[in-house]
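**Q** Here is a sequence with its predicted model. Questions after.
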Amino acid sequence: MDLKLQNISHRYGKMEILRDISLDIPQGQIVCLIGPSGCGKSTLLRFLGGLERPDSGEVLQVGRPPADCLNPLTYVFQHFALLPWRTVEGNIRLVLEDHGLRRSEMDAIVSDVLERTRLTDFRTALPKQLSGGMRQRVAISRALAVRPAVMLMDEPLSALDSQTRELLMDDLISLWTRQPFTSVYVTHNLNEAVRLGHRVVVLSRRPGRIREVVDIDIPLAERHLGDALLEEKQKQLWELMREEAMAADKELTDV
Ligand SMILES: Nc1ncnc2c1ncn2[C@@H]1O[C@H](COP(=O)(O)OP(=O)(O)OP(=O)(O)O)[C@@H](O)[C@H]1O
């Protein structure tokens, strides 16, 4: 299933947030959204997930979600939102309840996602016994368990220290390489965007408009820390972001 944004515009009260955003999110790709603070990235993600509706424009789902999909659009947030009294396995089971699955089906899904996120040995641990990186792996595992058509990820690694972030990026790359998933991934971190994005969408300062779409054709598994081509892409993104950030800063000081 592809997602399509068509001419999305939105205001909150008098404040214009997004202006005429059109964008395709093709199945099997990770599309990163970057842009200055307050330009409407999270708002766009909420529109994609159907949590809110834009004033104008449309979010279209093109094609069908996978046959075994339990929840087509699933979020992963910066804060992991795990239930502290449930084990790792219990937190994953939570999203599978009320779908009428047989016990054996549920067990198979839980084992599969635990294995894919390398959490099998922590099945019975409670969230408080886990590091931040592992808690976020549980949250990713829980998102994968419903076999979403699209994962909507809002700064999923930003609460983690830089080493843990590197490890989680490697995890996401190997997860995608083994079984490609579709994601819209909001981040402030340009390194994350060039490591994970097949396509990076740069939004302008508020009202957010599409400033540029940068495609990165290097296969995810071949993107390594310090890679010259990636550094070049990151520099290109920074130039675009810097112009927007400087203009936003100037607007504020002119007020
Ligand atoms: N429900 C709401 N009601 C009123 N204003 C809102 C609402 N949600 C967001 N805003 C405002 O809309 C603007 C865009 O917010 P949004 O969180 O989408 O931006 P963002 O690009 O994700 O920001 P950041 O990078 O800082 O997370 C901000 O000025 C925010 O204060």
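**A** Happy to help now that I have it. Residues are numbered from 1 along each chain as shown.
**Q** Got the confidence number for the residue most central in space within the chain?
**A** For the chain, residue 153 is the residue whose C-alpha lies nearest the centre (CA atoms, centre = their mean; 2.2 Å). Per-residue confidence (pLDDT) for residue 153: 96.
**Q** now for the helix or strand that contains it, which elements pack on it?
**A** Using DSSP states H and E, residue 153 sits in strand 150-154. If contacts are counted by 3 or more CB pairs under 8 Å, 6 or more residues apart in numbering; DSSP states H and E, strand 150-154 sits against helix 41-48, strand 73-77, strand 183-186. (Glycine included, C-beta is placed from N, CA and C.)
**Q** That strand pairs with which strands, parallel or anti?
**A** strand 73-77 (parallel), strand 183-186 (parallel) (DSSP bridges).
**Q** Just name the most buried of those strands.
**A** Highest mean neighbour count of those: strand 183-186, a mean of 24 (counted as mean count of other CB atoms under 10 Å).
**Q** pLDDT on the helix or strand just after that strand, on average?
**A** Helices and strands here follow DSSP H and E; after strand 183-186, the next one along the chain is helix 190-196. Throughout helix 190-196, pLDDT has a mean value of 95.
**Q** After the strand holding residue 153, which helix or strand is next?
**A** Per DSSP H and E, strand 150-154 leads on to helix 162-178 as the next helix or strand towards the C-terminus.
**Q** buried set for that next one?
**A** 164-166, 168-169, 171-173, 175-176 (16 or more other CB atoms under 10 Å).
**Q** tell me which of the residues you listed is nearest to the ligand?
**A** Closest approach to the ligand among these (CB to the nearest ligand atom): residue 165, at 17.0 Å.
**Q** Spatially, what comes nearest to that closest one if we skip its sequence neighbours?
**A** Spatially, and ignoring its direct neighbours in sequence, residue 165 is nearest to residue 157 (4.6 Å; CB to CB, 6 or more residues apart in numbering).
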